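*Asks:* below is the sequence, then the predicted model.
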Amino acid sequence: MSTPAPLLLLIEDELAIRRFLRTSLANEGYRLLEAETGQQAIRVAKEQPPDLVLLDLGLPDMDGHEVLRQLREWLTAPVVVLSARDQEQEKVQALDNGADDYLTKPFSTAELLARIRVALRHASHVSGPADAVFTTGDLRMDLPGRRVFVADQEIHLTPIEYKLLATLVLHAGKVLTHRFLLQEVWGPHQVRETHYLRVFMAGLRRKIEADPAQPRYLMTEQGVGYRFTAE
């Protein structure tokens, strides 16, 4: 018996965008639910929980950030925000409220589809990675053994470097804000010390990237945070 295609919920009030995405997503084999307002979206999501949500922030009845907050009270599926709002603070707020990714309009269909695939792949592996060996490209991370290898050579990481890398790996494909990483790695009293992140991220890149100036795994989301990209 074949597994049904992922079910996506598109929350978007502009008819032209819904029509465009309806065609693009159907061509990729996705099943689609649609909602034009925040209230409708919450009702639809409760009736038929989706595998992934595409959320526009500019809805006619309520702000998209509030929709996100309400969905996150019970929905664990990834949420990709699609918005014309390109200010860094909007992105940070959405990600801190539980969004997995943020795509600024206008965007290419290819990029959207890639982000959807990454979010779904991350969601499918989110249970149980802490007792597994994570491998991507020439990087291997033995999580239970707390050991890291690049091209089969063991790399020594400081405890903070290891914790930072593990946090990124366990959320592979997801944009993690500066605040989230600082809280996870250094604790709740250090959430403003973004220079810590820059220093330790630079150190990690020197150790695991073939070319730290052109990183393959540890990607910067300018003004927002970092993303671990798995292949």
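*Replies:* That came in fine, so what should we check first? Residues are numbered from 1 along each chain as shown.
*Asks:* so G145: helix, strand or coil?
*Replies:* coil (DSSP: H, G, I helix; E, B strand; the rest coil).
*Asks:* phi, psi for L176 please.
*Replies:* phi -110, psi 130 (degrees, to the nearest 10).
*Asks:* now it. Nearest residue, chain neighbours left out?
*Replies:* Spatial nearest neighbour of L176, chain neighbours left out: G225 (5.0 Å); criterion: Cβ to Cβ, 6 or more residues apart in numbering. The C-beta positions use only the backbone N, C-alpha and C, and glycine is treated the same way.
*Asks:* test my guess that that neighbour contacts F180.
*Replies:* Yes: G225 is within contact range of F180, at 6.9 Å (criterion: Cβ atoms under 8 Å).
*Asks:* compare those two and say which is more crowded by neighbours.
*Replies:* G225 (24 against 19; other Cβ atoms under 10 Å).
*Asks:* ok so, going back, now for G225 and F180: what residues contact both?
*Replies:* Here G225 and F180 share the contacting residues L95, scored by Cβ atoms under 8 Å, 6 or more residues apart in numbering.
*Asks:* what is the burial count for A5?
*Replies:* Neighbours around A5, by other Cβ under 10 Å: 14.
*Asks:* before we move on, the earlier item: residue contacts, the residue nearest to L176?
*Replies:* 92, 95, 175-181 are the contacts of G225 under Cβ under 8 Å, 6+ apart.
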